[in-house]
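Q: structure, please.
(chains A, B and C)
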Amino acid sequence: MSPDDESAPGRVTLSPDDVRHVARLARLDLSDDEVELFTAQLRTVLDHAADVAALDLAHLEPSSHPIALHNVLRPDEPRPSLDRDEVLAVAPDVEDHQFRVPRIGGEAP
Amino acid sequence: MTTALTLAAQVRSGQRSAREVVEEALTAVAAGDTELNAFLTVLGDEARAQADAVDAAVAAGRDPGPLAGVPVALKDNLCLRGSPTTCGSKILEGWRPPYDATVVGSLRRAGAIAIGKTNMDEFAMGSSTENSAYGPTRNPRHTGKVPGGSSGGSAAAVAAGFAPLGLGSDTGGSIRQPAALCGVVGMKPTYGRVSRYGLVAFASSLDQIGPFATTVEDAALLFDVLAGYDPLDSTSLPSIPEPTLASVHGGADGIRVGLCRDLVDGCAPDVVARVQQAAEALAGAGATVEEISVPEFAYGLSAYYLIAPAEASSNLARYDGVRYGLRVDGEDVAAMNTATRTAGFGAEVKRRVMLGTYALSAGYYDAYYAQAQRVRTLVMQAFDRAYESVDVLLGATAPTTAFDLGAKVDDPMAMYMNDVCTIPSNLSGHPAISVPFGTGDDGLPVGVQVMAPALGEATLLRLARVVEAHAPQGAGS
Amino acid sequence: MSADWEMVIGLEVHCELATATKLFCGCRNSFGDEPNVNVCPVCLGLPGSLPVLNEQAVELAMRIGDALHCEIRPSEFARKNYFYPDQAKDYQISQYDLPLNTGGWLELPDEFRVGVTRAHMEEDTGKLTHVGASGRINAALHALVDYNRSGVPLVEIVSEPDIRTVAHARSYASELRGILKATGASDGRMEEGSMRVDANVSVRPAGTTAFGTRCEIKNLNSLRSLGRAIEYEAARQIAVLESGGSVDQETRHWDESAGRTESMRSKEEANDYRYFPEPDLVPLAPDAAWQERVRAGMGPMPSDRRAQLAAALGGSPTDAELDQIRAVVDLGLDGLVTAAAEAGSPASLALARAANEVAAQSEAGLSLNATKFVALLAMESGGQLSATQAKAVLAALLERGGGDPAAVAKEMGFEALGADTLSAVVDEVIASHPDEWERFVGGEDKLMGMFTGEVMKATSGKANGKEVAAELRRRRG
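A: Reported below is the predicted structural model:
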């Protein structure tokens, strides 16, 4: 269900299906009980956020930073890389100096 | 408890050895931390070796640094090469980073000695340290109470006297609120003033590393060591920091203080009373104190609980069982990712990851995330307006004193309300500090909060020192 | 392709930038090293790591934008969130709403213009190796990840869907490759993966303007694959539509050996990338001075070099010469031809030899000494060497990577045929073909070829064809 319907701005329409969908996107597996619990809890938080959703702030730009920096750059100069053994030592599974993972189900997005 | 300033002077002069100081700290931890659970890792051997190095420097006539021999407790979301860095989570159990956070290097060069990694709410999400996968930390002032969060371990370590200094991280109040609840000083610097390189990210545009100490002077001493530009952090401020220690005793004369009603009203009456008292003390000390209203602050909580989870949902995607940390097998990579994250993350982390994913998802982005960022602009502009008529703002840090362990774990919204006074300065990126100021009706510590404009740490600490000097007896140590 | 249908093609080209280090960290940008030796906390996405933008990558991205006549404008980085094991952070730092370059165009050699929607910066992924039955993703048992390529700088160039033929699609890719090399931004090697082309293909009834559903075709490793895949896909879509079905919007994988595209739709729903501004980076807005430096520093583009070459040839190249010019510029041999023309060599001869013989060994051709080339051309045009002989000497010079043309000619036994020797041979040939000679004298010009051939055969190719023809004509009177 999308919020682009006629409901008043900020009215929360989060459903258990939304929660299941979002859990899938986030690679989380939830039991039915958890879905129910999280749906209720998230609804409460979003209801609280309704005050914000309802504000008319169209005249303001969104701020993704509290600072006014721009053009932060570094020179194209090599720096030491990590020691491969130290990196692979903490890897869950290694083969041929590479990270080994189970088969992949689909093509890269 | 001996202050860091005193300890460093003693070690630098040779009056005491760093080794002796560290042994004393480690002994205190061994004796007292079983009950408190402030530390997840105690760095005994490493600390002793570092102490020996400091002592060798002193003996050789080399400058051992301004924090020579001073024990420091590091929050467990700070990367310390070769040592476990768990972020209070099962998903990073046993993970040892192959690199140091920039602040760790700064501390080392200053001669400070990390004696351990402290407990925290998982991935810094929480206000009580009850969301740790390794058990809660208890408040040293009353072990049936929470120490606050998410940096509860560092706050408790300093409050318990295990170390005079601690490092925490503050995203929505996670240094200041536990400082208030434990009766110690806790400060969040200006965003960008302290490098985030090596701080495991929770919400990138809000996170800042900051000091815990028993005195404002010690907080200034530690802040001066941490502050500065880091080329490894694109959000690091390039300007040279104004040293704060030298001016910390400058007094309140001529400073215009705005007692911010929106950060006081709605708090528990005993907290309100203490803030009022602090305002009067400042007026008596030569500051001009007036009431000021910034109603926009009221929207901060909601905006924060959309922005922070959104960024967190993205920052925590990397915990997928592929390169490090926990892996729970699955028939294919996606199943492995899911099984790993389901087993490795606690409930609060899952809640916020889902909330954040939802706020960013198609169809909802503009109503939630983008809107919250507009509220952020609103709050930033409100601060700018306020600072046209005052130099600093005064308010409460936390709405109540420390609550019982278990009291709010089943009510996320009630837990989130703990951050209502601290959140605005995370949104704006301004510096803020909590100073112990007496106790509540239950005898537990109350902290008052001072806030200053961006890069105003020197003024902030100066005012904080005045507040501290007038604190009713029995508050801090 | 049936006249009832029209194909609509847009191309997305990912181009690896030729920087020394990666986009956000100082690891080497290097192809072919041992796996996982060029990695660090940043490009491995370790907890606590932060990106810092490579200045040279921005310079090269701006050159690409300028070369494609784009507007270079203030831009922002954004996170594209999705789980995949070659994506170290499980999000890619890219540009979304505010790309660096927009609104440009690329003119093909035949003057057809293709619009360029945008050319933005983003980081590359690691490399996956599927281990299993056939090495193809569908039959894999497990996979291995090498993060050397993770974080390598890319520019993604997106064209408008202006292309209508396979020839133009190939021409676009070829011309773009030449432009990328001319700017120094990339070495443009499709087979090595430093230039990756994806094709968006749809069809519609000829004469209509509405766009049909498009499919994105991936895994095109050469211009030939690009052409074959587009042809196949257009035909596939037409067949679907003609049989009453509809085309599903999806990503399809080109299988070179099977000669067809295959659906790669995964079992899950389509990805929701949840783009939001990258909080760990600040906006990028190259100032006017930098943009001007980029513009001023741009060398000639392939189209400029083709025009220069055409001018050196006298201004009105034939179609055949246009093809030669294109080939010569594409291989970077135009400098050689221009130098020869300037030194007085016959321009069309220089062009022909460069486009054919030198092109056959183009690597060596790039270091062929222009003076030697001029000398060799003089030997041919002056009659000392026949065309056949000159080609052989040229091939030898290229093979050996040097040498003196006259010495090589002598070594190969290509002495110029003395006038007396030639005369004697012509006498012989005429004497042995009396009937034909009578007919030739009588006006049968087509016998010129036969006589020339006989003289060439008798001199083992040493005679100069033009001189032979001249001699025969002289004898005829």
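
Q: and C:Glu12, that's in a helix?
A: No. Counting by DSSP: H, G, I helix; E, B strand; the rest coil, C:Glu12 is not found in a helix; it is strand.

Q: surely C:His253 meets C:Tyr232?
A: No. The pair C:His253 / C:Tyr232 is not scored as a contact, 12.0 Å apart, by Cβ atoms under 8 Å. C-beta: built from backbone N, CA, C; applies to glycine.

Q: pull up the overlap in contacts between these two.
A: When Cβ atoms under 8 Å, 6 or more residues apart in numbering or on different chains defines a contact, the residues bordering C:His253 and C:Tyr232 alike are C:Thr261.

Q: beta partners for C:Phe276?
A: C:Arg79 (DSSP bridges).

Q: mind listing what it touches?
A: For C:Phe276, the contacting residues are A:Ser64, B:Ala310, B:Glu311, B:Ser314, B:Leu360, B:Tyr365, B:Tyr369, C:Ala78, C:Arg79, by Cβ under 8 Å, 6+ apart.

Q: switch the cut-off to 10 Å
A: Neighbour list for C:Phe276: A:62, A:64, B:307, B:310-311, B:313-314, B:356, B:359-360, B:365, B:369-370, B:373, C:78-81, C:91, C:96-97 [criterion: Cβ atoms under 10 Å, 6 or more residues apart in numbering or on different chains].

Q: for the buried ones among those residues, write the corresponding ChimeraX selection.
A: Here is the ChimeraX command that picks out the buried ones among the contacts of C:Phe276, judged by 16 or more other Cβ atoms under 10 Å in any protein chain shown:
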select /A:62,64 /B:307,310,311,313,314,356,359,360,365,369,370,373 /C:78,79,80,81,91,96
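
Q: helix/strand/coil for B:Ala133?
A: Assigned by three-state DSSP, the conformation of B:Ala133 is coil.

Q: residues near it, how many?
A: Other residues near B:Ala133 come to 20 when the count uses other Cβ atoms under 10 Å in any protein chain shown.

Q: pick out the residue in chain A sitting closest to chain B.
A: Nearest residue of chain A to chain B, counting by Cβ to the nearest Cβ: A:Pro66, 2.7 Å away.

Q: residue ranges with poor pLDDT in the stretch 301-450 of chain B?
A: For the stretch 301-450 of chain B, applying pLDDT under 70 flags no range at all.

Q: could you pull out the strands for the stretch 301-450 of chain C?
A: Using DSSP state E, counting those that start in this stretch, the strands of the stretch 301-450 of chain C do not appear at all; there are none.

Q: that one: helices as residue ranges?
A: Taking DSSP state H, counting those that start in this stretch as the criterion, the stretch 301-450 of chain C contains helices spanning C:302-312, C:319-330, C:334-342, C:347-353, C:359-360, C:362-365, C:370-381, C:387-400, C:405-411, C:419-432, C:434-441, C:447-458.

Q: just the stretch 51-200 of chain C next, same as before
A: Per DSSP H, counting those that start in this stretch, the stretch 51-200 of chain C carries helices over the ranges C:55-67, C:166-183.

Q: now the longest helix along chain A: how far from the chain's centre is it?
A: Longest helix of chain A, by residue count under DSSP state H: helix A:32-48. Centroid separation for helix A:32-48 versus its chain: 17 Å, with Cα atoms, centre = their mean, to the nearest Å.
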